[in-house]
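# next comes the sequence, and after it the predicted model I'd like to discuss.
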Amino acid sequence: MTWGNGQMKPSLLLNATFEPIGVISWRKAIILSFLGKAEVISAYHQVVHSISSSINLPAVLRLTRYVKYRRQEVKFTRRNIYIRDKYRCQYCGKVFEPKDLTYDHVIPRSRGGKTTWTNVVTCCHTCNRKKGGRTPKEAGMQLLNQPKEPHWHPMIHFSMDTQQIPAPWLDYLIWHPAYNPPETSFGIDSED
Ligand SMILES: [Zn+2]
């Protein structure tokens, strides 16, 4: 086999119910598709050639059979807060690089605000300074979203920069309203 030029993009794997359950390599995507374990829902323009045929690299695949998965709690970390909030300052709404972000206690700690999923949001330095030790109402600032505890696996959402997420995936990643993607875990590797 000969492979196309350029970097091979990974594929997004969906459960039979269309819920995202993992990111897999393009090789694995082709194997799953070839074995009939998954159907290709969306493909990249990039083509892989074999002697007898050429196929477009799968961008999104859906498993033909439903795979049970365990719900996993998302660890409460700065990084996961950014991922939950899609690297978007929850006050001004702009997207930043991680180095330009911090987190904000919605109800300030000095007022008894807890360091929890429901009281901590992604915030840019400018908004953080502007808000200071005040509540959003006192500071005249409004939250984009009410912060919630996420129930997805953060590895899927994403170790990539949001800008690097392949376009064909977007329909399947933002399929739930209010930043509430489905609960996910990896159970696919053991299936081969
Ligand atoms: Zn901001």
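Yep, it's here.

# for the longest strand along the chain, give the mean pLDDT please.
Assignment by DSSP state E gives strand 38-49 as the longest strand of the chain. What strand 38-49 shows for mean pLDDT is 92.

# mind listing what's buried along that strand?
For strand 38-49, the neighbour count (16 or more other CB atoms under 10 Å) marks Ala38, Val40, Ile41, Ser42, Ala43, Tyr44, Gln46, Val48 as buried. Backbone N, C-alpha and C define where each C-beta goes, glycine included.

# what helices or strands is that strand leaning on?
Contact analysis of strand 38-49 by 3 or more CB pairs under 8 Å, 6 or more residues apart in numbering; DSSP states H and E lists helix 26-34, strand 54-63 as its packing neighbours.

# which helix or strand contains the closest residue to His125 other than its chain neighbours?
Among residues not flanking His125 along the chain, Thr102 sits closest, at 6.0 Å (CB to CB, 6 or more residues apart in numbering). Using DSSP states H and E, Thr102 falls within strand 101-105.

# grab the nearest non-local neighbour of Glu149.
Excluding the flanking residues, the one nearest Glu149 by CB to CB, 6+ apart is Trp117, at 3.9 Å.

# which residues does the one you found contact?
When contacts are counted by CB atoms under 8 Å, 6 or more residues apart in numbering, Trp117 touches Phe76, Ile81, Arg84, Pro147, Lys148, Glu149, Pro150.

# from those residues, which two are the most distant?
Largest separation among the contacts of Trp117 by CB to CB: Phe76 and Lys148, giving 12.5 Å.

# Ala43 contacts Leu57, correct?
Yes: using CB atoms under 8 Å, Ala43 is in contact with Leu57, at 6.3 Å.

# that older thread, using CSV, lay out the buried residues of strand 38-49 together with distance to the ion.
Formatted as CSV, these follow (distance: CB to the ion, whole Å):
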residue, distance to the ion
Ala38, 40
Val40, 39
Ile41, 36
Ser42, 33
Ala43, 37
Tyr44, 34
Gln46, 37
Val48, 43
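
# domain map for this structure?
11-70+153-191, 78-139 (automatic domain parsing).

# would you map the helices across the chain?
26-34, 78-84, 125-131, 136-139, 170-173 (DSSP state H).

# ok, Ser42 touching Ala59?
Yes: contact between Ser42 and Ala59 holds when scored by CB under 8 Å: they sit 4.5 Å apart.

# overlap of the contact sets of the two?
Taking CB under 8 Å, 6+ apart as the criterion, Ser42 and Ala59 both touch Pro168.
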